[in-house]
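Build me a structure from this.
(chains A and B)
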2 protein chains.
Amino acid sequence: MGGERRLIAALSRIFGPPPSAVRCGIGDDTAILAPEAAQDLLWTIDTLIEGVHFDLKYTPLRSLGWKSLAVNLSDIAAMGGQPQYALLALGWPPRRALHQALELAQGMQDVAQEFGVAVIGGDTVAAPAGLTLSLTVLGQVAPGRALRRDGAQVGDDIYVTGPLGLAAAGLELLRHGLALPDEMKIPLMEAFLRPWPQIAAGRLLASQNLATAAIDVSDGVASDLDQICQRSGVGAVLAAAALPIPRPVHEVAGLLGAEPVDLALKGGEDYQLLFTAHPDKKGLVQKAFLKAGLPAPRGIGTIVRGSGIRLQYDDKELELAGTGFDHFPQASINDS
Amino acid sequence: MGGERRLIAALSRIFGPPPSAVRCGIGDDTAILAPEAAQDLLWTIDTLIEGVHFDLKYTPLRSLGWKSLAVNLSDIAAMGGQPQYALLALGWPPRRALHQALELAQGMQDVAQEFGVAVIGGDTVAAPAGLTLSLTVLGQVAPGRALRRDGAQVGDDIYVTGPLGLAAAGLELLRHGLALPDEMKIPLMEAFLRPWPQIAAGRLLASQNLATAAIDVSDGVASDLDQICQRSGVGAVLAAAALPIPRPVHEVAGLLGAEPVDLALKGGEDYQLLFTAHPDKKGLVQKAFLKAGLPAPRGIGTIVRGSGIRLQYDDKELELAGTGFDHFPQASINDS
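Numbers count the residues shown, from 1 in each chain, chains lettered A, B, ... in the order given. Model (predicted):
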């Protein structure tokens, strides 16, 4: 048996046998699924590239496996759905021992099991220039209930489901080897290395029809909120004082000479949900999260007429739009 | 608007508006689909990496776009399905002009339109180490009718839907700049640069229940047939004299001092379908293809007891198994 087949066999053992709705998993030309009737399908793909999205100097392979699948599940969460299946396209550097790929796969299986997802197939190729991971995930949601980006209305409240800036501060901690006590380090590293997709919060918002729009915080609140605003044809005002910025983020900002608000709004990778809701639903939103045993979402601003995002900061108002991560910041394109 | 958003907007224009069963296409966290009731879903992912799967020195970007989607559609063809939707994860080198990405996308749209497929979303990232393309495709097939790899039976005939070796010879032609008359060059370059996924043949085999097993010829007949044999627990005997090897393949083999049979069996990338059928269906298979206006499949061998593949060549018999492309030929893995 060649190395490629041995690798696929070893991956199959880690991911385990597929659930019964999967008529055929790893080992054929495609996976075969019997979808549930009367559900909408949610479908996403994400690629992570070594040196762009992660650095193996400070990212253990098992954490990378967790994170690579978690960020895809987060996209399903942002639509209010339940993720079900994943396919993995693994580009593995031939110089790297193949058994390390199993650590990566184990990290994926950790998060898959946590959220009831089955990894049912994929593709393995050699990638001499560096590890690349593409994952595609299918999920489902009740028909017409998906949380889209384009439904925000003037007057809506803007919420976030949890703390901001931890992942960005965690990255800085790892990158610069900052000295911090363990009780500060742990939540920062957890947030950066093992983000928690907000599946439960998303499903709650969709099933109870609580949100007018939603997105997951991947590029940073400033950029991600701008996506909602652009798609919805509205603007937004955020209150800096209302942002849930935990103490370790302040500590890291202090060590770096940075503003905590910048880490919270521009850092990205928090994978919290950012959503908008009609002001009449304020009480319902809080009650629903409380009843579901989820942390109360934090109101951080308001949707307004116009475009762009303004930040109320002390007694100033700053423009924020367009400050998130852009993979091609300098590029021009003839888009006529 | 940042470069990334301009790129996504330009890609959206090339791929056009999604069909009506797509509730949400490009621009949200995931695509939203309303699947057809009572159909099985077929789902695949493939990654192409610069320097491993393609060389931009002799692969025009529009051809690369065609090929990258075509090889995914070929996986759906091998299952007997109709491809419907695709997501593209594009890793684009920042040093390369962004408008070139639109040529690539146009090549994808060419093949998408040819086969009734809609590209409805994806992901764009910077890939400094080289262009990477991951595509995931969803298709459908009547429940239980998918063509799997594990159904070949002892005594079955082995067929291939079209010529072998053209793509491998085409690659050698381009790589070495071989001198050949145009009427030879064109089919070789077509086969290598713009492979034609055998959707019609696959659908015919599935809908009329003609095949016991099928696979597409991506790694080479020797390796791909070995996949069927291993999954089905059988062996195979091929007749070299029966292999459909067109004249341009003989010409290229002559120039390289290679055996045409080697290009046909080990070269790969032909994207013909290789399938097995009960010997009672011999007449039905030929009649069905004729009636559908498809080229008659060529019988190239027989499924036998045991394992491995033997090639009858003149009056010799050679062992063939395990000779296809392996991404990790030297790798060991602790698969206990």
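
Going by C-alpha atoms from here, please, whenever you check contacts or count neighbours.
Noted.

which stretches of chain A aren't confidently modelled?
Applying pLDDT under 70 to chain A picks out residues A:1-2, A:321-336.

For it, just list every one of the strands.
Shown for chain A, the strands assigned by DSSP state E span residues A:22-24, A:31-33, A:40-49, A:82-92, A:118-126, A:132-141, A:157-160, A:213-216, A:235-239, A:273-277, A:298-304, A:309-313, A:316-319.

Let me see the residues that make contact with the first one.
For strand A:22-24, contacts defined as C-alpha atoms under 8 Å, 6 or more residues apart in numbering or on different chains pick out A:Thr30, A:Ala31, A:Ile32, A:Leu33, A:Ala34.

Who wins on neighbours among these?
A:Thr30 (30 neighbours; other C-alpha atoms under 10 Å in any protein chain shown).

B:Ser74 versus the residue nearest to that one when sequence neighbours are not counted, what's the distance?
Nearest residue to A:Thr30, sequence neighbours excluded (C-alpha to C-alpha, 6 or more residues apart in numbering or on different chains): B:Thr44, at 4.9 Å. The spacing between B:Thr44 and B:Ser74, counted by C-alpha to C-alpha, to the nearest Å, is 10 Å.

hang on, the residue nearest to A:Thr30 packs against A:Ala31?
Yes. Judged on C-alpha atoms under 8 Å, B:Thr44 makes contact with A:Ala31 at a distance of 6.5 Å.

Need the residues touching each of those two.
Common neighbours of B:Thr44 and A:Ala31 (C-alpha under 8 Å, 6+ apart) are A:Gly121.

tell me the contacts of A:Ser68?
A:Leu48, A:Met108, A:Leu133, A:Leu135.

Just the helices from the stretch 201-336 of chain A, written as ranges.
For the stretch 201-336 of chain A, the helices defined by DSSP state H, counting those that start in this stretch occupy A:221-232, A:247-256, A:260-266, A:282-291.

List the contacts of the third one.
It refers to helix A:260-266. Counting by C-alpha under 8 Å, 6+ apart, A:164-166, A:168-169, A:219-223, A:240, A:243, A:245, A:249-250, A:253-254, A:323-325 sit against helix A:260-266.

gap between that helix and the chain center?
17 Å (C-alpha atoms, centre = their mean, to the nearest Å).

For it, list every residue counted as buried.
A:Pro260, A:Val261, A:Leu263, A:Ala264, A:Leu265, A:Lys266 (16 or more other C-alpha atoms under 10 Å in any protein chain shown).

And the residues you listed, which is closest to chain B?
Of all the buried residues of helix A:260-266, A:Lys266 has the smallest distance to chain B: 15.1 Å, by C-alpha to the nearest C-alpha.

For that closest one, which non-adjacent residue is closest in space?
A:Gly220 is the one closest to A:Lys266 (C-alpha to C-alpha, 6+ apart), at 4.5 Å.

same deal with A:Ser74?
Nearest one to A:Ser74, counting by C-alpha to C-alpha, 6+ apart, is A:Pro197 at 4.5 Å.

these two touch, right, the one you found and A:Val71?
Yes. Between A:Pro197 and A:Val71 there is a contact at 6.9 Å, judged by C-alpha under 8 Å.

between those two, what contacts are shared?
A:Tyr271.

Which positions in the stretch 51-200 of chain A make contact with chain B?
By C-alpha under 8 Å from any C-alpha of the partner chain, the residues of the stretch 51-200 of chain A that approach chain B are A:52, A:75-76, A:78-79, A:87-89, A:91, A:94, A:97-99, A:121-130, A:134, A:136, A:143, A:146, A:148-149.

how much space between A:Gln39 and B:Ile8?
Taken as C-alpha to C-alpha, the span from A:Gln39 to B:Ile8 is 28 Å.

Can you tell me which of the residues of the stretch 51-200 of chain A next to chain B are buried?
A:75-76, A:78-79, A:87-89, A:91, A:94, A:98-99, A:121-130, A:134, A:136, A:146, A:148-149.

okay, now the domains of chain A?
A:3-141, A:157-319 (automatic domain parsing).

got a list of what A:Ala242 touches?
For A:Ala242, counting by C-alpha under 8 Å, 6+ apart, the contacting residues are A:Arg298, A:Gly299, A:Ile300, A:Gly301.

what does A:Gly81 give?
So A:Gly81 contacts A:Leu42, A:Gly139, A:Gln140, A:Val141, A:Ala146, A:Ile199, A:Gly202, A:Arg203, A:Ala206 (C-alpha under 8 Å, 6+ apart).

And for A:Phe115?
A:Pro83, A:Ile199.

Which residue does the stretch 151-300 of chain A have closest to chain B?
A:Ile215 (6.7 Å).

What sits closest to that residue if chain neighbours are left out?
A:Ala78 (5.0 Å).

Was I right to think that neighbour contacts A:Ala213?
No. In this structure A:Ala78 lies outside contact range of A:Ala213 using C-alpha under 8 Å: 9.2 Å.

what do those two both touch?
A:Leu147.

Nearest to A:Phe192, out of the contacts of strand A:22-24: which one, please.
A:Ala31 (31.7 Å; C-alpha to C-alpha).

returning to what we had before: drop anything exposed from the contacts of helix A:260-266.
A:164-166, A:168-169, A:219-223, A:240, A:243, A:245, A:249-250, A:253, A:323-325.
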